[in-house]
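Visitor: here is my input; please provide its structure:
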Amino acid sequence: MTGPDPGLVVPTAIRDRILERAREGAPEEICGIFGGDFEPEGQSRVRSQYPAGNVAETPRTRYRIDPEEQLAIFEHLEDRGEEIVGFYHSHPRGPPSPSATDEAQATWPDRSYLIVSLEPLEVGSWRWREDGDDERFDRERIVLE
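Guide: Residues are numbered from 1 along each chain as shown. Predicted structure coming up:
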């Protein structure tokens, strides 16, 4: 028997806060990390979100979380007994799907990558999959609660 289809369960309040932050951060991309319950093949559940500064050289078209800030967030998650569920960022003028740069920089297998598009306003989520030489993003369902 298999588990539920891969998906990302997101509290509405967290989704709304990320949308608000994406609007406030435009025209630059915003980014952050999700904490909660990680399920590689099933539904991961977001319990918290941790905004991070975007230190990319071109923050209007790229995002990069400072490695020291990322480590501090990971340590905070561990202290709270949470797992790394995934990451989020915005595309102020692009679709809610991974760009070629997003694909090239993805490094967390089976984690969710939520993308907020502002034009049009839409949210999409993707799982990064690595299977031998096959590396790709698979779309996943977002479940709001």
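
Visitor: just checking, what packs against the host helix or strand of residue 50?
Guide: Assigned by DSSP states H and E, residue 50 belongs to strand 43-52. Using 3 or more Cβ pairs under 8 Å, 6 or more residues apart in numbering; DSSP states H and E as the contact test, the elements touching strand 43-52 are strand 7-10, helix 12-25, strand 31-37, helix 67-80, strand 83-91. For glycine as for every other residue, the C-beta is placed from the backbone atoms N, C-alpha and C.

Visitor: how far does stretch 127-136 stretch from one end to the other?
Guide: One end of stretch 127-136 to the other measures 8 Å (Cα to Cα, to the nearest Å).

Visitor: chain center to it, what's the gap?
Guide: In terms of Cα atoms, centre = their mean, to the nearest Å, the centre of stretch 127-136 is found 17 Å from the chain centre.

Visitor: averaged pLDDT, it. What do you get?
Guide: The average pLDDT for stretch 127-136 rounds to 90.

Visitor: show me which residues of that stretch are buried.
Guide: 127, 128 (16 or more other Cβ atoms under 10 Å).

Visitor: got a list of contacts for it?
Guide: For stretch 127-136, the external contacting residues (Cβ atoms under 8 Å, 6 or more residues apart in numbering) are 6, 103, 106-113, 137-138, 140.

Visitor: can you do 10 Å?
Guide: Residues outside stretch 127-136 that contact it (Cβ atoms under 10 Å, 6 or more residues apart in numbering): 6-8, 40-41, 44, 86-87, 98, 102-104, 106-113, 126, 137-140.

Visitor: returning to what we had before: relative to strand 83-91, how tilted is the strand holding residue 50?
Guide: Angle, strand 43-52 to strand 83-91, by axes from the mean of the first three to the mean of the last three Cα atoms, to 10 degrees: 60 degrees.
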